[in-house]
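J.: How does the following fold in three dimensions:
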Amino acid sequence: MLARLSIRDIVLIDQLDLEFVDGLTILTGETGAGKSILLDALSLALGARGDGALTRHGEAQGQVTASFDLEPGHPAFAALAEQGVRADGEMILRRVQFADGRTRAFVNDQSVSAQTLRLVAAGLVEIHGQHDERALLDASTHRALVDAYGGHSDLVEATRSTHAAWRRVETELEAERARVAAARAAADYARHAHEELAALDVQPGEEDALAERRQRMMQGEKVAADIREAHDNLSGDSAILPVLAAVSRRLQRRMPQAPTLIEPSVQALDEAMQALEVATQAVESALAACDFDPRELEKCEERLFALRGMARKHATTVDNVPALARRYAEELAALEAGEHRVADLETQARAAAAAYAAAADALSKARVAAARALERAVNVELPALKLERARFEVALKRDEGQSSADGYDRAEFTVQTNPGSRPGPLMRVASGGELARFLLALKVSLAERGTAPTLVFDEVDSGVGGAVADAIGQRLARLAAKAQVLAVTHAPQVAARSDQHFRIVKADVGKGERVATQVVALDASARREEIARMLAGAEVTGAARAAAKSLIEKAG
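T.: Numbering: from 1, shown residues only. Predicted coordinates for the structure are as follows:
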C-alpha cells in the first residue's frame with residue numbers, strides 16, 4: 001500500500017508530507033483548491049511524463065517521493081530485479097522535476113530510467129480518472145481490458161511470443177525463397193558454365209607452357225631446312241668427316257717415317273674431327289628438336305586458343321578459369337543447400353504457425369470466459385446505479401484469417417438501455433447520464449480484478465448525486481476492503497464512507513504574497529463539518545450538519 005507521499009516545490013505546493021492508512025482515503029476540497037495537483041504529483045512519482053511547468057515558480061527543481069509498504073515477494077520487487085536494481089521491504093519511488101523540463105528517477109535511492117520507474121509503479125498503483133473514459137469508449141482498448149480482467153497476461157505473452165517466432169521464421173523463409181529463386185534463375189547458366197569450364201580442365205601454368213611450346217615449334221619450322229642441310233653436310237653422302245678420317249689414317253701410317261713432320265698434322269686432324277663430331281651431335285639435337293608432327297602444332301594452338309577463348313568469354317584470365325569453375329560449383333551447391341534450407345524453414349514455419357494457433361486459440365477461449373464474467377460483474381452493478389433495465393455486453397468477434405500478435409479476437413463493449421432494443425456501442429446508445437453510470441460500473445468491475453495494492457479514483461462520481469452517488473460510495477468501500485483506495489470526490493455520500501479524510505485547501509502564505517495548496521487531515525469532528533459543507537455549500541447550516549452525521553452513521 002501507499003504509506004507516505006512527500007511533495008516539495010510542485011506547482012502550488014511548498015512542502016507536503018502525507019501518511020496514508022489502509023482502506024478508503026477520501027480527498028475533498030473546493031474546486032481549484034489543488035486536488036488535481038496532488039494527483040499530478042503522485043503520477044509524476046509513478047513515472048508519468050515530466051513537465052517543467054510542474055516545478056514551483058522561482059524554484060530550480062521540485063521533488064515527489066512515494067513510499068510503499070509491500071508484502072515480501074510482491075511482483076514489483078521481481079520487476080525491479082529484472083532491471084538490475086535490488087530492493088527489499090519498503091519501496092521508495094522518487095522523481096525530481098527540473099524547471100528546464102528534465103527529470104531524474106530513483107527507486108530506493110538508486111538511479112533508474114523513467115521507463116523502469118513506470119514499469120515498477122504499474123504493479124503498485126492503478127489510477128482511474130475522468131481521462132479513463134476515452135479508453136473505455138475506445139473499442140481498440142476493449143480487448144486489452146478483457147485480458148486484464150481475465151488475468152490473461154501469461155496467455156497474451158504466449159500468443160505474442162509465438163506470433164513473433166512465427167513471423168521471424170516466415171520472414172527468413174521469404175528471404176530464403178527469394179534468394180533461391182534468384183539463384184534458380186541463374187542456375188542454368190551457372191550449370192552450363194561450370195560444365196564447360198570443368199571440361200576444359202585448365203592446369204596451373206598451362207597457358208605459359210603451351211605458348212612456349214608453340215613458339216619453339218614455330219621457330220623450328222623456319223630453320224628446319226638449314227639444319228637438315230647442315231646435317232647432310234656433316235653426316236650425309238658428302239660429309240667431310242669420313243674424308244678427314246681417311247686422311248688422318250694415311251698420315252698416321254707414315255708417322256714412323258717422319259714423326260716430327262706428320263704428328264702436328266695428325267693431331268690437328270684429330271681435333272678437327274672431334275669438333276665436327278660435337279657439331280654433328282648439336283645439329284642432330286637441333287634437328288630432333290625441330291622434327292615435330294605438324295598436327296602437334298595444330299593441337300597445341302587449338303588448346304591455347306580454346307583456353308584464351310574461354311577466358312575472354314568469362315571476362316577473366318586463363319589462370320583464373322579453375323577458380324571461376326569452383327565458384328560456379330559453389331553457387332550450384334549453395335542452390336541445392338538453399339532448397340534444403342527452404343524445405344527446413346517451411347517445416348519450421350508450419351510448426352511455428354501451429355504453436356501460434358494453439359496459443360491464440362487458448363487465449364480466445366479464455367477471452368470468452370472473461371467477457372462473460374465481466375458482463376455479469378457489470379450487470380450486477382447496474383440496478384444500484386438506476387440502470388436496472390439496461391444490459392452490458394462484450395461483443396467478441398473471432399477471425400482466424402486476421403491473425404495478429406494479440407490473437408484472433410476483436411472486442412467491443414456494447415450496451416442495451418432497454419429490453420428489446422438493439423445493443424450498440426456505449427457512446428452511441430447511452431445518454432450522457434447513462435454513459436457516466438455505465439462507465440462507473442465498468443471501472444468498479446475492472447478495479448475489483450486489479451492487481452495493484454493501491455487504487456486511485458479521480459472524481460468518478462462527477463455529474464451524479466443522490467442514490468447514484470451513494471451507490472458509488474458503497475462500491476468504493478467494497479473495493480477498499482480488498483485494496484487501499486484513494487478517491488477524490490465532490491459527493492458527500494462517498495466522503496461519508498471514508499476511513500481517512502483529507503481536505504485540500506488554498507491558503508495565503510508570505511503575508512499574502514502568494515497562494516499555496518495545503519492538505520489537512522480531518523478528525524471525526526472536522527470530517528462531519530467538511531461533509532456538511534459539501535452538502536450545504538458556502539453556508540453550513542444545522543440541517544446540513546445533521547444530514548452529515550446521518551450519512552456517516554449510515555455509512556458506518
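
J.: V505 versus A373, what's the distance?
T.: Going from A373 to V505 by Cβ to Cβ, to the nearest Å gives 43 Å. Where you see a C-beta, it was placed from the backbone N, CA and C, and this is true even at glycine.

J.: Could you do R94 as well?
T.: 26 Å.

J.: who has more neighbours, these two?
T.: Taking neighbours as other Cβ atoms under 10 Å, R94 and V505 compare with R94 leading, 21 against 14.

J.: Which secondary structure state is assigned to that one?
T.: strand (DSSP: H, G, I helix; E, B strand; the rest coil).

J.: Now do the same for it: its pLDDT.
T.: On pLDDT, R94 comes in at 95.

J.: need the contact list for it.
T.: Applying Cβ atoms under 8 Å, 6 or more residues apart in numbering, we find R94 in contact with 45, 63-66, 105-107, 109.

J.: for the protein, longest helix please?
T.: Assignment by DSSP state H gives helix 321-381 as the longest helix of the chain.

J.: Render the CA-only coordinates of the helix or strand following it in PDB, please.
T.: Later in the chain than helix 321-381, the nearest helix or strand by DSSP states H and E is strand 391-398. What follows is strand 391-398, C-alpha atoms only, in PDB (Å, rounded to 0.1, in the frame of the first residue of the first chain):
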ATOM      1  CA  ARG A 391     -27.700  -4.600 -20.000                       C
ATOM      2  CA  PHE A 392     -23.900  -4.500 -20.700                       C
ATOM      3  CA  GLU A 393     -22.400  -6.900 -23.200                       C
ATOM      4  CA  VAL A 394     -18.900  -7.700 -24.500                       C
ATOM      5  CA  ALA A 395     -19.100  -8.400 -28.300                       C
ATOM      6  CA  LEU A 396     -16.300 -10.700 -29.200                       C
ATOM      7  CA  LYS A 397     -15.500 -11.500 -32.900                       C
ATOM      8  CA  ARG A 398     -13.100 -14.200 -33.800                       C
END
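
J.: Show me the residue at the heart of this protein, geometrically.
T.: Centroid-nearest residue in the chain, with Cα atoms, centre = their mean: A164, separated by 9.5 Å.

J.: residue ranges with poor pLDDT in the stretch 201-350 of the chain?
T.: For the stretch 201-350 of the chain, the stretches flagged by pLDDT under 70 are 219-225, 287, 289-294, 332, 334-335, 337-338.

J.: in it, which spans are helices?
T.: Under the criterion DSSP state H, counting those that start in this stretch, the stretch 201-350 of the chain contains helices at 206-235, 241-253, 259-290, 294-313, 321-381.

J.: Reformat these as CSV; add distance to V429 and mean neighbour count.
T.: Listed next are those as CSV, based on distance: least, Cβ to Cβ, whole Å; neighbours: other Cβ atoms under 10 Å:
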stretch, distance to V429, mean neighbour count
helix 206-235, 89, 15
helix 241-253, 133, 13
helix 259-290, 111, 14
helix 294-313, 78, 14
helix 321-381, 14, 17
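
J.: So which of these is nearest R168?
T.: Of all the helices of the stretch 201-350 of the chain, it is helix 321-381 that lies closest to R168, at 8.0 Å by Cβ to Cβ.

J.: Okay, angle between the closest one and helix 206-235 too, please.
T.: Computed by axes from the mean of the first three to the mean of the last three Cα atoms, to 10 degrees, the angle separating helix 321-381 from helix 206-235 equals 170 degrees.

J.: Tell me which other helices or strands helix 321-381 touches.
T.: Helix 321-381 is packed against helix 139-150, helix 153-185, helix 187-200, helix 294-313, strand 391-398, strand 409-416, helix 432-448, with contacts defined by 3 or more Cβ pairs under 8 Å, 6 or more residues apart in numbering; DSSP states H and E.
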